[in-house]
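**Student:** Just to be clear, the model below is a prediction. Sequence and coordinates:
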Amino acid sequence: MNYQETLEYLFKQLPMFQRIGATAYKANLNNTIALDNYFGNPHKKFKTIHIAGTNGKGSVTHSIASVLQEAGYKTGLYTSPHYLDFRERIKINGEPVSKEYVVAFVEKHSNFFMSLKPSFFEITVAMAFDYFAKEQIDVAVIEVGMGGRLDSTNIITPVLSVITNISYDHTQFLGNKLTEIASEKAGIIKKDIPVVTGETKTEVKQVFSKKAQQVDAPVFFVDNNYNVKNFYLSEQNTLVFNIEKHGNTLFESIEFGLIGEYQKFNIAVILQSVEILKNIFDINEKQLKEGLINVVKNTGIMGRWQTLNDNPKVICDAGHNIDGIHNVTNQIKNLQFEKLHFVIGFVKDKDINGILKILPQNALYYFTKANLLRALNEKELKKQAETHNLYGDDYISVETAILNALKNATDNDLIFIGGSTFIVAEAIDFFRKYKKS
């Protein structure tokens, strides 16, 4: 097989939650453990950091990896989903796994895969751990796929567990109450391993405190220690924060390369995590600051309040649940533009009406769908949106929606693209080709 044929095997022959939804979900770790045993328990050959949460876990994962890279450590990075290329999921020092490795891995072990019948995500986790072990990395920063307790990544015993926050997402698997969702996320808390959480809602805090106490894990509630006093966007297009710790100034004007205003919720989680990691890794203040500024360059992170075009201004963001979209709409309110154009689409298993309630009514909408089975039909989305006084036309593809938005927008308008990681992925791909043409 060549690389493209290998991807077709991974995408089409294996159950893939991102594309087909619930039927790909495995409510146990049996296959993951079988794969891990088959490959000789590769995850035990390097240190790991485990990161879960409803929103922000991707930003935190990439940022911690960037800091470790700046500190000179050979750093693995495992994230999901990917935007443009499968290999984005598995990186070392920002470099994606090679096409040759992906092909060889699948070809060599395909008979075992056929007998076990693992999911796409289970194989991807096994591939990442095997690759990291073979490349003799120092540390891997591992992002949970969904939940925590039953996630395929949860066979690791990390040096640090991080839970960014808790809100409603994947409720059909994780539960309809915040405490139920928190219990699933708390599944990554391990015996004697410190855990950082950015969540302090009373009922959720109790869940984390109880689980941490049961396994003697030191727990650090970020909001008890850190406070973001204010922030602004610099001329160099970095987000600049003033940070207090226990009421005293810790950083004046520390810069972050991710510029979504919602990063104010993530920056303190990152700083608390790095403070604990300094007990294990040699990280100085200069390396911390360089890691934060250079996170995009070091890791290739995409889809976080990313500017795709300047005239007209086009911004995309992968926020895809109520809290994520709420953060997006708040930031849009702070921007200056003449007219707002909203290219949007969702997957079927989200709280669509809950999201539509908080979208701005003074925008022209371009309802569309990503190219996957889970995508909500654009005509159905338009129909639901109109019940919330959101109006526009429906488009059969993301590309068609964007082309119409560009045709209608003036240079002083704003085009926002979002609602789903998959919408954003297709938008990023479109603008890369658009700028080359």
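**Tutor:** On my side now, so go ahead.

**Student:** where's the residue nearest to Leu359 when sequence neighbours are not counted relative to Phe342, distance?
**Tutor:** Sequence neighbours aside, Leu390 is the residue nearest to Leu359 in space, at 5.8 Å (criterion: Cβ to Cβ, 6 or more residues apart in numbering). In short, each C-beta sits where N, CA and C put it, glycine included. Note on Leu390: its distance to Phe342, by Cβ to Cβ, to the nearest Å, is 8 Å.

**Student:** Now do the shared contacts for these two.
**Tutor:** Common contact partners of Leu390 and Phe342 (Cβ atoms under 8 Å, 6 or more residues apart in numbering): 359, 363, 365.

**Student:** By neighbours, which of those wins?
**Tutor:** Of all the shared contacts of Leu390 and Phe342, the highest neighbour tally under other Cβ atoms under 10 Å goes to Tyr365, namely 24 neighbours.

**Student:** wait, what's in contact with that residue?
**Tutor:** Applying Cβ under 8 Å, 6+ apart, the residues near Tyr365 are 342, 344, 382, 385, 390-393.

**Student:** So which of the residues you listed sit within strands?
**Tutor:** Among the contacts of Tyr365, the residues falling in strands (DSSP state E) are 342, 344, 391-393.

**Student:** which of the contacts of Tyr365 lies closest to Thr157?
**Tutor:** Ranked by distance to Thr157 (Cβ to Cβ), the contacts of Tyr365 are led by Ile344 at 40.6 Å.

**Student:** Buried residues, stretch 394-410. List them.
**Tutor:** 394-395, 397-399, 401-402, 404-406, 408-409 (16 or more other Cβ atoms under 10 Å).

**Student:** Correction: the previous question concerned stretch 244-254.
**Tutor:** Buried, per 16+ other Cβ under 10 Å, within stretch 244-254: 250-251, 254.

**Student:** got JSON lines for those, with pLDDT too?
**Tutor:** Shown next, in JSON lines, are those (pLDDT from 0 to 100):
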{"residue": "Leu250", "pLDDT": "94"}
{"residue": "Phe251", "pLDDT": "95"}
{"residue": "Ile254", "pLDDT": "96"}
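
**Student:** Filter the residues you listed down to the ones in strands?
**Tutor:** Counting by DSSP E, the buried residues of stretch 244-254 place 250-251, 254 in strands.

**Student:** Now flag whichever of the residues you listed is closest to Met127.
**Tutor:** Closest to Met127, out of all of these and judged by Cβ to Cβ, is Ile254, at 35.6 Å.

**Student:** ok, the closest one to Lys289 distance?
**Tutor:** Applying Cβ to Cβ to Ile254 and Lys289 gives a distance of 6 Å.

**Student:** what's the answer for Glu399, then?
**Tutor:** 39 Å.

**Student:** Phe431 now?
**Tutor:** Phe431 is 30 Å from Lys289, by Cβ to Cβ.

**Student:** of those two, who's got more company?
**Tutor:** Counted by other Cβ under 10 Å, Phe431 and Lys289 do not tie: Phe431 has more neighbours, with 19 against 16.

**Student:** Tell me which residues touch that one, please.
**Tutor:** Phe431 touches 308-309, 314, counting by Cβ under 8 Å, 6+ apart.

**Student:** what sits opposite Lys47 in the beta ladder?
**Tutor:** Val139 (DSSP bridges).
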